[in-house]
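A.B. asks: Quick one, what's the 3D model for this:
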Amino acid sequence: MTVIGLDDTDSRERGMCTTYVADTVARRLVDAGATVERVLLVRCNPAVEHKTRGNASLAVHTDAAPATAARIAVDVVGAAAETADDRTNPGVVVADGSPEAVPDPVVDFAREAVSGHHTRERARRVLSEASYRAERWKNGRGIIGSLAAVGAWAAFDEWTYERIAYRRSDRWGTERDVDVESVFEAAETAYPTVWDTVDRGTGEAVCVPRTPGPVLYGIRGDDAEACRETAARIDSEPVDRSRLFVTNQGTDAHLLDGTVSGAVDGRSYRLDATVSTAPETRRGGHVFFDVDGGTAQLQCVAFEPTKRFRDRIRRLRVGDDLTVCGEVKAGTLKLEKFAVRALREVESVTPTCPECERTMESAGRGQGYRCRDCGTAADGRVERPLDRDLAVGWYEVPPRARRHVAKPLVRGGFDGPTHPER
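C.D. replies: Next comes the predicted model:
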């Protein structure tokens with residue numbers, strides 16, 4: 001077996017898509033008489049600075065000879081990559097051997113690429129130790145993701161699927177012609193096995209991108225055949241070609257278990273904490289609040305594009321116990337999901353006069369409260385039940401705002417009740 005890793009061929013402005021490049025490599029291999037066992041779509045750390053929107057790298061598992069695999073991959077990437085973009089720096093890595101048997105340093109490299117950070121220097125050291133073939137364009141940053149893709153199959157146990165349909169090249173950069181009603185009907189038929197196809201709250205077909213690249217739509221789910229069948233139900237402009245990818249999307253592979261005091265920028269965490277400030281809606285519609293982890297505090301935010309998710313945040317109260325999940329940037333955790341572990345059920349308030357039902361006033365320091373009109377008195381503040389329009393359990397951003405690698409609640413496996421967004 002041979003494993004080909006590919007990364008950093010696309011551009012935010014100019015288009016292209018590394019999945020398309022990997023599909024092209026796979027097709028060229030088959031044309032050359034080889035077999036392609038699978039194509040992996042690996043979402044790396046979404047918090048890294050040098051990335052395009054989804055930070056994807058790709059791996060092609062094939063029985064082609066390493067020399068043949070390298071020649072085809074280099075030819076395809078050299079022709080297709082958008083190297084005119086200053087931020088596009090492709091890389092290709094070719095590993096001789098089974099994807100299950102890559103060396104431990106490569107496995108560790110893949111794990112860290114999804115939740116942490118790497119340098120080109122470290123990638124070069126691991127490449128040299130493993131004696132892998134590599135090709136770089138420009139500054140060669142793409143070898144980081146390419147090497148991570150090579151090690152991903154051995155590094156991770158949980159995989160999902162995405163069926164991606166591609167446009168004819170003469171239509172790239174034009175408005176996509178996809179019948180939204182057919183997308184919603186297909187999504188309803190396959191849910192929850194197929195997820196994040198649409199956002200029912202906003203009426204968006206989130207499986208259809210807005211970028212100028214070759215992707216027409218992508219259908220994600222837990223079952224390969226269900227993804228194929230859902231894609232087949234969509235009415236659209238002609239599909240030029242399509243491929244099923246095995247992927248770590250929807251797995252939360254990027255989340256690290258940590259503490260508030262230990263959370264650092266550039267990584268994504270799962271943190272237990274207590275709400276310490278009331279949620280505040282600021283300019284732009286973003287909602288902020290602080291949490292206390294016992295020895296440190298951390299600001300959290302639900303951004304405006306998360307839409308109705310912010311209503312859940314606004315219902316939080318100081319004293320609620322949570323688990324918060326998301327990327328930390330500039331000392332602020334950008335919420336992807338959270339779990340309510342315990343709700344504050346009462347609040348301390350000034351007592352009410354039992355005669356006139358007016359709020360009592362302070363009778364002086366340490367002297368309790370009294371009603372000036374009725375003369376009634378109370379020793380101190382009293383507890384009043386809170387009417388909480390929020391339940392214990394997990395909450396998430398809607399599909400329109402979900403990161404590729406973030407796990408939708410509908411997939412299950414969470415340690416509490418779930419309240420999925422559709």
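A.B. asks: Could you report the pLDDT at residue 198?
C.D. replies: On the pLDDT scale, residue 198 is placed at 98.
A.B. asks: Kindly apply the preceding question to residue 32 instead.
C.D. replies: Model confidence at residue 32, given as pLDDT, is 97.
A.B. asks: likewise residue 83?
C.D. replies: Confidence at residue 83, expressed as pLDDT, is 64.
A.B. asks: what number of residues lie near residue 364?
C.D. replies: 9 (other Cβ atoms under 10 Å). C-beta coordinates here come from the backbone N, C-alpha and C atoms, glycine included.
A.B. asks: How about the contacts made by it?
C.D. replies: Residues in contact with residue 364 (Cβ atoms under 8 Å, 6 or more residues apart in numbering): none are found.
A.B. asks: Then it would be within a helix, right?
C.D. replies: No - counting by DSSP: H, G, I helix; E, B strand; the rest coil, residue 364 is not found in a helix; it is coil.
A.B. asks: So it versus residue 63, what's the distance?
C.D. replies: Separation of residue 364 from residue 63 (Cβ to Cβ, to the nearest Å): 87 Å.
A.B. asks: for the residue lying closest to residue 80 once chain neighbours are set aside, helix, strand, or coil?
C.D. replies: Excluding its sequence neighbours, the residue lying closest to residue 80 (Cβ to Cβ, 6 or more residues apart in numbering) is residue 21, at 5.0 Å. Counting by three-state DSSP, the backbone at residue 21 sits in helix.
A.B. asks: how about the strands of the stretch 51-200 of the chain, start to end?
C.D. replies: Secondary structure of the stretch 51-200 of the chain (DSSP state E, counting those that start in this stretch): strands located at 56-62, 91-96, 133-136, 160-166, 194-195.
A.B. asks: and the ones you listed as JSON lines, adding mean pLDDT and mean neighbour count?
C.D. replies: Below are those laid out as JSON lines (pLDDT from 0 to 100; neighbours: other Cβ atoms under 10 Å):
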{"stretch": "strand 56-62", "mean pLDDT": "97", "mean neighbour count": "27"}
{"stretch": "strand 91-96", "mean pLDDT": "97", "mean neighbour count": "27"}
{"stretch": "strand 133-136", "mean pLDDT": "94", "mean neighbour count": "19"}
{"stretch": "strand 160-166", "mean pLDDT": "98", "mean neighbour count": "23"}
{"stretch": "strand 194-195", "mean pLDDT": "98", "mean neighbour count": "24"}
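A.B. asks: Save those as JSON lines, and put in distance to residue 298 too.
C.D. replies: Output for the strands of the stretch 51-200 of the chain, formatted as JSON lines (distance: least, Cβ to Cβ, whole Å):
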{"stretch": "strand 56-62", "distance to residue 298": "29"}
{"stretch": "strand 91-96", "distance to residue 298": "35"}
{"stretch": "strand 133-136", "distance to residue 298": "38"}
{"stretch": "strand 160-166", "distance to residue 298": "30"}
{"stretch": "strand 194-195", "distance to residue 298": "29"}
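A.B. asks: Out of these, which gets nearest to residue 108?
C.D. replies: strand 91-96 (15.0 Å; Cβ to Cβ).
A.B. asks: List the neighbouring strands of the closest one plus their orientation.
C.D. replies: With DSSP bridges as the test, strand 91-96 is paired with strand 2-7 (antiparallel), strand 133-136 (antiparallel).
A.B. asks: which one of the ones you listed lies closest to residue 211?
C.D. replies: strand 2-7 (17.3 Å).
A.B. asks: buried set for the host helix or strand of residue 216?
C.D. replies: Secondary structure from DSSP states H and E places residue 216 in strand 215-221. Of all the residues in strand 215-221, those buried under the rule 16 or more other Cβ atoms under 10 Å are 215-221.
A.B. asks: okay, the residues you listed in a markdown table with pLDDT next?
C.D. replies: Below are those laid out as a markdown table (pLDDT from 0 to 100):
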| residue | pLDDT |
| --- | --- |
| 215 | 96 |
| 216 | 98 |
| 217 | 98 |
| 218 | 98 |
| 219 | 98 |
| 220 | 98 |
| 221 | 98 |
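A.B. asks: where does the stretch 201-350 of the chain have low pLDDT?
C.D. replies: Scanning the stretch 201-350 of the chain for pLDDT under 70 picks out nothing.
A.B. asks: Please enumerate the strands of it.
C.D. replies: According to DSSP E, counting those that start in this stretch, the strands that the stretch 201-350 of the chain contains are 215-221, 241-247, 255-257, 268-275, 280-281, 287-292, 297-302, 321-329, 332-342, 346-349.
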